[in-house]
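Q: Sequence first, predicted model second:
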Amino acid sequence: KQEVTQIPAALSVPEGENLVLNCSFTDSAIYNLQWFRQDPGKGLTSLLLIQSSQREQTSGRLNASLDKSSGRSTLYIAASQPGDSATYLCAVPDQTGANNLFFGTGTRLTVIP
Amino acid sequence: KAGVTQTPRYLIKTRGQQVTLSCSPISGHRSVSWYQQTPGQGLQFLFEYFSETQRNKGNFPGRFSGRQFSNSRSEMNVSTLELGDSALYLCASSWGRGRGQETQYFGPGTRLLVL
């Protein structure tokens, strides 16, 4: 069974700093990897979906990279802002062909003004 | 385009009762998945419905069930509620091509508290 881990569990940075969130997965035969953002008590917002054939995907200040062979992905956030404070989750789909996602444990980010 | 909607947003029940949660997917989406989120276990997959058929099921007891209607709206039911069922229940919709090939869009969730 696929297991997804995120390190660190929590991160606190001053505003304006660049930061990297890490995600690792045990089964490297993934179709894609998604990064989500979750605000307290709310649902998930998809940030980036990176296909297995891609190495990077960018959206604004966010850049996600994927290294399938090592079972790792990183989410880079440039010039962090207080509004970036949230929990960030990565997820990979079930390899059996089903549509369900295996989620990481999340990184709770706090950006201090 | 309206997003995924879930009703109710908050619910308080007592042990032994049953509960029904509803999810309306984005227009045109045929796949609806349900997840349970708790502080201890994180996000766990419950089941997925596609064209009114359960396509996949997670590792949850039979007290958890669901269905999907012809308009793709979905309901999930939990019978004989236990304290451990307290959680945020999220649904997600997508076109349904499977294999997680596409972005899944999540609703705001229903927070269930079992007393």
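A: Nice, I can see it.

Q: Close to chain B: what parts of chain A are there?
A: Proximity of chain A to chain B is confined to A:31-32, A:34, A:36, A:41-46, A:49, A:89, A:91-94, A:96-106 under the rule Cβ under 8 Å from any Cβ of the partner chain. In this view, the C-beta of every residue, glycine as well, is placed from N, C-alpha and C.

Q: Next up, the contacts around residue 8.
A: Since you didn't name a chain, this refers to chain A. A:Asn22, A:Thr107 (Cβ atoms under 8 Å, 6 or more residues apart in numbering or on different chains).

Q: Sorry, I should have been clearer: chain B.
A: Counted by Cβ under 8 Å, 6+ apart, B:Pro8 has contacts B:Leu21, B:Thr110.

Q: Let me know the distance separating it from chain A.
A: 14 Å (Cβ to the nearest Cβ, to the nearest Å).

Q: which parts of chain B sit against chain A?
A: By the rule Cβ under 8 Å from any Cβ, the part of chain B lying against chain A is B:4, B:6, B:31, B:33, B:35, B:42-45, B:48, B:50, B:55-56, B:58, B:88, B:90, B:92, B:94, B:96, B:98-109, B:111.

Q: Just the buried residues out of these, in ChimeraX syntax.
A: Of the residues of chain B next to chain A, the buried ones go into a single ChimeraX selection, burial set by 16 or more other Cβ atoms under 10 Å in any protein chain shown:
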select /B:4,6,31,33,35,42,43,44,45,48,50,55,56,58,88,90,92,94,96,98,100,101,102,104,105,106,107,108,109,111
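
Q: so what pLDDT did the residue in chain A that chain B sits nearest to get?
A: Nearest residue of chain A to chain B, counting by Cβ to the nearest Cβ: A:Pro93, 2.1 Å away. You'll see A:Pro93 listed with a pLDDT of 88.

Q: Excluding chain neighbours, give the residue nearest to B:Gln6 in space.
A: Closest residue to B:Gln6 apart from its sequence neighbours, by Cβ to Cβ, 6 or more residues apart in numbering or on different chains: B:Gly107 at 4.1 Å.

Q: Now do the contacts for that neighbour.
A: Applying Cβ under 8 Å, 6+ apart to B:Gly107 gives the contacts A:Gly43, B:Gly3, B:Val4, B:Thr5, B:Gln6, B:Cys23, B:Leu90, B:Cys91, B:Ala92, B:Ser93.

Q: What sits closest to B:Gln68 if chain neighbours are left out?
A: Leaving aside its sequence neighbours, B:Gln68 sits nearest to B:Tyr49 (Cβ to Cβ, 6+ apart; 3.7 Å).

Q: who's that neighbour bridged to?
A: B:Val32, B:Gln54 (DSSP bridges).

Q: Confirm for me that it is in contact with B:Ser70.
A: No: proximity of B:Tyr49 to B:Ser70 does not meet the contact threshold set by Cβ atoms under 8 Å, at 11.6 Å.

Q: quick one, which of the two is more surrounded?
A: Using other Cβ atoms under 10 Å in any protein chain shown, the more surrounded residue of B:Tyr49 and B:Ser70 is B:Tyr49, with 28 against 7.

Q: Nearest residue to the residue nearest the centre of chain B in space, please, no chain neighbours.
A: Nearest residue to the geometric centre of chain B (Cα atoms, centre = their mean): B:Trp34, 3.0 Å. Using Cβ to Cβ, 6+ apart and skipping residues adjacent in sequence, the residue nearest B:Trp34 is B:Leu46, 4.1 Å away.

Q: now the strands: where do they sit in chain A?
A: For chain A, the strands defined by DSSP state E cover A:4-7, A:10-14, A:19-25, A:32-38, A:44-51, A:56-59, A:62-67, A:72-77, A:86-93, A:101-103, A:107-112.

Q: Cool, thanks, talk later.
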